[in-house]
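Colleague: turn this into a model:
(one chain, ligands or ions: 2)
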Amino acid sequence: MKQAKQLLGDLRKDGHKMTAIRRAIVEVLAERGTPATVQDLLALLGDRGLRPNKTTVYRELAFLKKKGSVDEVTLGDRAKRYELRVGDHHHHLVCTVCGRVADVHLDGDLDATEKKLSVRTGFVVLSHALEFFGLCSKCK
Ligand SMILES: [Zn+2]
Ligand SMILES: [Zn+2]
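Modeller: Ligands and ions are numbered 1, 2, ... in the order given. Now for the predicted structure:
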């Protein structure tokens, strides 16, 4: 399981400059633990006394995405959210009342389902996004 520290180390090993903003984005995403919008990120960076402009944050996120350090997540609304690609592949439980997002690991084997789908339809599955919407334990 990859941790935020290891992820930063990998980037450095690849010879990428570790700017203060880049490091801070990885760190605040690691601390938050759930997908964050760019607005969320700007607020979290602001808490650390950093005031990058939006363009810088978008550029850093694009870079981290290209490097496979960050995944883009959509949770049923228009907002794009970002989370670190650490730990195992997982899905999300999204509360439609309070907006709480929790990571969840499925018991079932989605890889097997993907293979079956490919055989049945001839479609080559490259990735999937599966999020669950409903009420969290506090809102139900
Ligand atoms: Zn809730
Ligand atoms: Zn997640």
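
Colleague: what helix or strand is Met18 located in?
Modeller: Per DSSP states H and E, Met18 falls between elements, in no helix or strand.

Colleague: shift numbering so it begins at 9
Modeller: Taking 9 as the first residue, the last one we looked at is Met26.

Colleague: how many neighbours does it have?
Modeller: 12 (other Cβ atoms under 10 Å). Using the backbone N, CA and C atoms, a C-beta is placed for each residue, glycine as well.

Colleague: could you measure from the closest residue to it other than its chain neighbours over to ligand 1?
Modeller: Take Met26 and drop its neighbours on the chain: the residue closest to it by Cβ to Cβ, 6 or more residues apart in numbering is Arg20, 5.6 Å away. Here the criterion is Cβ to the ion, to the nearest Å. By it, Arg20 lies 38 Å from ligand 1.

Colleague: kindly report the same for Gly76.
Modeller: 31 Å.

Colleague: please apply the same query to Leu118.
Modeller: Applying Cβ to the ion to Leu118 and ligand 1 gives a distance of 25 Å.

Colleague: do the same with Leu58
Modeller: For Leu58 relative to ligand 1 (Cβ to the ion), the value is 30 Å.

Colleague: count of neighbours near that residue?
Modeller: The burial count assigned to Leu58 is 16, neighbours taken as other Cβ under 10 Å.

Colleague: that one touches Ala32, doesn't it?
Modeller: Yes - shown here, Leu58 and Ala32 form a contact pair, counting by Cβ atoms under 8 Å, at 5.6 Å.

Colleague: how about the residue nearest to Lys62 when sequence neighbours are not counted, phi and psi?
Modeller: Excluding its sequence neighbours, the residue lying closest to Lys62 (Cβ to Cβ, 6+ apart) is Val46, at 6.4 Å. The phi and psi values for Val46, taken as degrees, to the nearest 10, are phi -60, psi -40.
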